[in-house]
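> sequence below, structure please.
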Amino acid sequence: MKARFDAPEDLPGQEKVTWRRSRGPVVGAALAAVAWPPLILTLLIWPPENWLPGREIDWRLVVLAIGVVAAPLGLWLVARERERTGRPASRLGVVWRFMLYGGLLAAGLQAGLAVIVMVLGWFEAGGFIQGVGATETTLLIYGVGGLPVAILVGVSYALWAGLCAAFIAFQPAPPEVRDRLGLIERAGR
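Residues are numbered from 1 along each chain as shown. Have a look, this model is predicted:
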């Protein structure tokens, strides 16, 4: 029998969720969110040549370091938004928040990297025209070419992190209690 989607609530991922009671699942969700499978598998199959920070550091280690900071930060942002507005109230909402934050973070970091490399190119240039050429080349490589790739990687990583957060740190919310006799409303006064 086919599932019928007559209302938005019928779509998958729309059931109400709440945080799990203990902090263990939230920490577990953060750790699982950092361990993005494509990143971990490629690090195991093709180990980096240089593990130390510097100019020649492997980009996968940089992405992993960003994930170590961004996954707990994403959980904190979702918790703050839930306290303020009560949303995201569903698993799908949690995943979408992570994807939004991850895409924005990736775009911002890539744009920042392009600006830093562009300014460094000005100092390495021998003259004004070489500086203009370095700026053009930097913006083409890191901006036009690198920005879509960075956003794609950021959103993919954030999708994994959002799924981990939605299914590990959250549980289905208990059903709403209907106030049939008005007792709950009177008790709140």
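> show me where pLDDT drops low in this protein?
Confidence mapping of the chain against pLDDT under 70 gives the ranges 1-3, 5, 8-11, 13, 179-189.
> how about the helices in it?
Assignment of helices within the chain using DSSP state H yields the ranges 24-34, 37-45, 59-85, 91-124, 128-138, 146-164, 183-187.
> so which of those helices is the most packed in?
Mean neighbour count (mean count of other C-beta atoms under 10 Å) peaks for helix 146-164 among the helices of the chain, with a mean of 20. Every residue, glycine included, has its C-beta placed from N, CA and C.
> which outside residues touch it?
The contact list for helix 146-164 (C-beta atoms under 8 Å, 6 or more residues apart in numbering) reads 29, 32-34, 36-39, 63, 67, 70-71, 74, 94-103, 105-107, 109-111, 113-114.
> tilt between it and helix 37-45?
Angle of helix 146-164 versus helix 37-45, following axes from the mean of the first three to the mean of the last three C-alpha atoms, to 10 degrees, is 100 degrees.
> quick one, helix 146-164 and helix 91-124 angle?
150 degrees.
> the closest residue in space to Met118 that isn't next to it in sequence and Arg80, how far apart?
Residue nearest to Met118 in three dimensions, not counting chain neighbours: Thr138, with 4.4 Å by C-beta to C-beta, 6 or more residues apart in numbering. For Thr138, the distance to Arg80 (C-beta to C-beta, to the nearest Å) stands at 36 Å.
> closest to Pro172 out of the helices of the chain?
Closest to Pro172 of those, according to C-beta to C-beta: helix 91-124, at 9.0 Å.
> list the helices and strands that closest one packs on?
Applying 3 or more C-beta pairs under 8 Å, 6 or more residues apart in numbering; DSSP states H and E, one finds that helix 91-124 makes contact with helix 59-85, helix 128-138, helix 146-164.
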